[in-house]
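Undergrad: how would this look folded up:
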Amino acid sequence: MFLVDTHCHLNKEYFPNGLESAFKNALDNDVKGMIFASADISSSKEALDYLAIHKPLPEMKMLAGVHPHEAERAASDYLQELEIIAASEHAAAVGEIGLDYFYDHSPRGVQRKIFSEQIELAKKLNKPIVLHIRDAAMKFEGDANSDTIAILKESAAEKAGGVVHCFSGEKKHAGAALDMGFYISFAGPLTFPRNQELREIAMYVPLERILCETDSPYLAPQGYRGKPNEPCRVRAVYEMLSMLKGMTVDAFSAQVYENVRKAFKWEALNV
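TA: Purely as a prediction, here's the structure:
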């Protein structure tokens, strides 16, 4: 079995003692592939530098992008720096990018500008995008999901394709993303007992368009809540989704493996 955590933050900030233990735990749970997520130019560089020297399992790719939280702090020449990083063979996608109306760490107009610019970069590089989307606490204060879909359509983002990371929207938003050819990625919240609506959306999403992630060190699945998350726990997401789809974990993971390859244009992983 070959499980892939398609979105995990592995920076020294979160793993100050190194990644050896996290990798051992991952491999012990059949997690043999990971995508190292990034939030700004600095963390994108860190991910690229790490992948340049990483050799053994787990197999790894990375993201390069400016998160909406960091949009206001992006330098005037950030796109030039980002293009160099994202063009690397190690970079699977431009991300995570998008809109976050929950925290509003950057003004929404700035978030939208930086988001749109990065979509254009992804199209230029022929790389997919990885989306971060979070609505305001009260929907009437900001519908980031609907605004994201609108920007994707305006930008012809289907030419890039990509993934809605850690999906938290409504069924209609999943449908709109699927119609544009995007994949839907689920994380630990899928396992929370009260999250039945998200499980219903997971049942709605076609098997061939599903990905799994941890978003570690955040969003630990049920049974580990309140503790730092790590890539090995993506197995809980696979197990929940395989149950929802009425499949064995082996059969489900084989399909997700193919989804990862297609979504990120990743050559055959070393099964």
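Undergrad: And for residue 13, the neighbour number?
TA: A total of 10 residues lie near residue 13 under the criterion other Cβ atoms under 10 Å. C-beta here means a position set from N, CA and C on the backbone, and glycine is covered the same way.
Undergrad: hang on, I meant residue 121
TA: Residue 121 sits with 21 neighbouring residues when counted by other Cβ under 10 Å.
Undergrad: Same question for the one 4 residues further on.
TA: Around residue 125 there are 18 other residues, counting by other Cβ under 10 Å.
Undergrad: Setting aside sequence neighbours, what's the nearest residue to residue 228?
TA: Leaving aside its sequence neighbours, residue 228 sits nearest to residue 217 (Cβ to Cβ, 6 or more residues apart in numbering; 4.3 Å).
Undergrad: Pull up the gap between the one you found and residue 30, please.
TA: 20 Å (Cβ to Cβ, to the nearest Å).
Undergrad: same question, residue 230
TA: Plainly put, residue 230 is 14 Å away from residue 30 if you go by Cβ to Cβ.
Undergrad: cool, residue 188 as well?
TA: Residue 188 sits 18 Å away from residue 30 when distances are taken as Cβ to Cβ.
Undergrad: Which one's more surrounded, those two?
TA: In this comparison of residue 188 against residue 30, neighbours counted by other Cβ under 10 Å, the higher total goes to residue 188 at 26 against 17.
Undergrad: Find me the pLDDT at the more buried one, would you?
TA: pLDDT, the model's per-residue confidence, is 98 for residue 188.
Undergrad: got the contact list for it?
TA: Going by Cβ atoms under 8 Å, 6 or more residues apart in numbering, residue 188 touches 214, 215, 219, 220, 221, 222, 224, 225, 229, 233, 236, 237.
Undergrad: now those residues: which count as buried?
TA: Those of those that meet the buried threshold are 214, 215, 219, 220, 221, 229, 233, 236, 237, by 16 or more other Cβ atoms under 10 Å.
Undergrad: Including secondary structure, pLDDT and distance to residue 8, could those residues go into JSON lines?
TA: As requested, those are exported to JSON lines (DSSP: H, G, I helix; E, B strand; the rest coil; pLDDT from 0 to 100; distance: Cβ to Cβ, whole Å):
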{"residue": "214", "secondary structure": "coil", "pLDDT": "98", "distance to residue 8": "5"}
{"residue": "215", "secondary structure": "coil", "pLDDT": "98", "distance to residue 8": "7"}
{"residue": "219", "secondary structure": "coil", "pLDDT": "97", "distance to residue 8": "11"}
{"residue": "220", "secondary structure": "coil", "pLDDT": "97", "distance to residue 8": "12"}
{"residue": "221", "secondary structure": "coil", "pLDDT": "97", "distance to residue 8": "13"}
{"residue": "229", "secondary structure": "coil", "pLDDT": "97", "distance to residue 8": "8"}
{"residue": "233", "secondary structure": "helix", "pLDDT": "98", "distance to residue 8": "10"}
{"residue": "236", "secondary structure": "helix", "pLDDT": "98", "distance to residue 8": "14"}
{"residue": "237", "secondary structure": "helix", "pLDDT": "98", "distance to residue 8": "12"}
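Undergrad: give me the low-pLDDT residue ranges for the protein?
TA: Judged against pLDDT under 70, the low-scoring parts of the chain cover residues 270-271.
Undergrad: Show me where it has its strands.
TA: Secondary structure of the chain (DSSP state E): strands located at 3-8, 31-36, 59-64, 91-100, 129-134, 162-164, 183-186, 210-212.
Undergrad: could those go into CSV alongside mean neighbour count and distance to residue 14?
TA: Shown next, in CSV, are these (neighbours: other Cβ atoms under 10 Å; distance: least, Cβ to Cβ, whole Å):
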stretch, mean neighbour count, distance to residue 14
strand 3-8, 29, 9
strand 31-36, 26, 11
strand 59-64, 26, 15
strand 91-100, 28, 15
strand 129-134, 26, 17
strand 162-164, 28, 21
strand 183-186, 26, 19
strand 210-212, 26, 19
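Undergrad: Any chance of those strands in JSON lines with distance to residue 82 as columns?
TA: Converted to JSON lines, those look like this (distance: least, Cβ to Cβ, whole Å):
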{"stretch": "strand 3-8", "distance to residue 82": "18"}
{"stretch": "strand 31-36", "distance to residue 82": "16"}
{"stretch": "strand 59-64", "distance to residue 82": "6"}
{"stretch": "strand 91-100", "distance to residue 82": "8"}
{"stretch": "strand 129-134", "distance to residue 82": "12"}
{"stretch": "strand 162-164", "distance to residue 82": "16"}
{"stretch": "strand 183-186", "distance to residue 82": "22"}
{"stretch": "strand 210-212", "distance to residue 82": "23"}
